[in-house]
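>>> Next comes the sequence, and after it the predicted model I'd like to discuss.
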Amino acid sequence: MTFRTTFRSADFPSVVFRSVAADDLDGFLPLLVPDPASVLSADAYRSKLADGQYRHAWTWIAEDPSDDGGPLAVAVWWGPPSQAHPGALDAVHVDGTRVPAERRTALAGALLRAAHLAFKEAGADEAPAFHIFLPGDFRERPEVVEALAWRRAAAGSAGLVGFLERLGYEWVPQAGLRAPATARLTFEAEPDDEVFVDLFRQVLRGTLDAGTRAQAEQLGAEAQARHDVALYRDQFLGERSWWRVARDASGEAVGFGVPTRNHQGPVVGYLGVLPGHRGRGYIDEILAEVTAVLAAQPGTEQIRADTDLANRPMAAAFERAGYRNFRCRVVLSEHAA
């Protein structure tokens, strides 16, 4: 990806905002110290840089050329190794010893705006969303609330005004595979992508997933469904053969599940019940099947999943299946949820 790599801001006339080079690592890595609203460490950065999830072009710093103390701030974007543009903002850190707290938000915001402009000049459709991983009880922890607040304000000043909260769940083998109360469905692998395009399109109606709903409003149901099939098939690491269609006793499709993997491990990629079949408890059977498929893969130590805070039926299904809520993920994006 080629783009203009240096920007300046009228608010910080002595500061340069730019992407990094290989010889910048020793300067900005000391800023990557995990805090209550960021899990990124210097070691994790080096690991993901080595396998292509992080790149120099996707790592931006703010520095004052007249100050030899090193970068004042750093922002790190992530993306699959096969992707041309970054997919998500992973972290923003500011040197609190050299940047006053009252200037921290403004400096971070200027850094994000410079990078967003560069990404769009290089052909990105929109600014990547900022994903912030927090403990589930973050609202009761003042240090987490404060660490989130300045990042949210900085992201908002850079156009990431949408706020979405997702609950993170985890299943471990010790929880066991819990059989649902009923067993009315059969499951089959379906190699035809067009079948899944149709299923993804149908579940959009009435979905409680705010992110999917917002994207569908922009793209249209058909385009959104094709986007989702391509996303899980081409960018996730699970096998296409793991996907399942759920059918009732008459053979009618009532829903589907997409067990898969990301770079961290096995995940419940997607599952849904078709509109005409909701409210009958089928979600428990589909989730049990997805969990069983992933649990059967060699080396599975945990399975992770998440759902919107507002999607209480899905959250309840995870809890019935033995998943525990272990974190919250805040997503800040250009689009209101």
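That came in fine, so what should we check first?

>>> Stretch 241-251: which residues count as buried?
For stretch 241-251, the neighbour count (16 or more other CB atoms under 10 Å) marks 242-247 as buried. (Glycine included, C-beta is placed from N, CA and C.)

>>> Just the residues you listed: which are in strands?
Among the buried residues of stretch 241-251, the members falling in strands are 244-247 (criterion: DSSP state E).

>>> Would you state the helices of the stretch 51-200 of the chain in chain order?
If DSSP state H, counting those that start in this stretch is used as the criterion, the helices of the stretch 51-200 of the chain fall at 101-121, 142-157, 193-203.

>>> pLDDT (mean, whole number) over stretch 258-271?
Stretch 258-271 shows a mean pLDDT of 96.

>>> got the contact list for it?
Surrounding stretch 258-271, the residues in contact under the criterion CB atoms under 8 Å, 6 or more residues apart in numbering are 53, 80, 200, 228, 232, 236-238, 242-244, 255-257, 283, 286-287, 290-291, 293-294, 297, 300-305.

>>> The same query, at a cut-off of 6 Å, please.
Stretch 258-271 is contacted from outside by 232, 236-238, 242-243, 257, 286, 290, 293-294, 300, 303-305, using CB atoms under 6 Å, 6 or more residues apart in numbering.

>>> Can you pull out the low-pLDDT segments for this structure?
1-5, 216, 336-337 (pLDDT under 70).

>>> any idea how it splits into domains?
With domains defined by automatic domain parsing, the chain comprises 6-160, 173-325.

>>> Mind checking these for the one nearest to residue 334?
Nearest of these to residue 334, taken as CB to CB: domain 6-160 at 5.3 Å.

>>> and the nearest residue to residue 101 once chain neighbours are set aside, how far is that from residue 116?
Nearest non-adjacent residue to residue 101, counting by CB to CB, 6 or more residues apart in numbering: residue 150, 8.0 Å away. According to CB to CB, to the nearest Å, residue 150 stands 18 Å off from residue 116.

>>> Please say which of those two ends up with more neighbours.
residue 116 (22 against 18; other CB atoms under 10 Å).

>>> That one reaches residue 126, doesn't it?
No. With contact defined as CB atoms under 6 Å, residue 116 does not count as touching residue 126 (8.7 Å).

>>> With distance to residue 166 added, can I get the domains of the chain in a markdown table?
What follows is the domains of the chain, written out as a markdown table (distance: least, CB to CB, whole Å):
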| stretch | distance to residue 166 |
| --- | --- |
| domain 6-160 | 9 |
| domain 173-325 | 5 |
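
>>> So for residue 332, which of those sits nearest?
Proximity to residue 332, assessed across the domains of the chain by CB to CB, is greatest for domain 6-160 (4.2 Å).

>>> Just the terminal-to-terminal distance for the closest one.
Its first and final residues considered, domain 6-160 spans 21 Å by CA to CA, to the nearest Å.

>>> so how far is it off the chain centroid?
16 Å (CA atoms, centre = their mean, to the nearest Å).

>>> Would you format the helices of the stretch 51-200 of the chain as a markdown table with distance to residue 163 included?
A markdown table is the format used below for these (distance: least, CB to CB, whole Å):
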| stretch | distance to residue 163 |
| --- | --- |
| helix 101-121 | 16 |
| helix 142-157 | 7 |
| helix 193-203 | 24 |
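
>>> mind listing the strands for the stretch 201-337 of the chain?
Using DSSP state E, counting those that start in this stretch, the strands found in the stretch 201-337 of the chain span residues 244-247, 253-262, 265-273, 303-308, 324-333.

>>> Quick check: buried residues in the third one?
Buried residues in strand 265-273, counted by 16+ other CB under 10 Å: 266-273.
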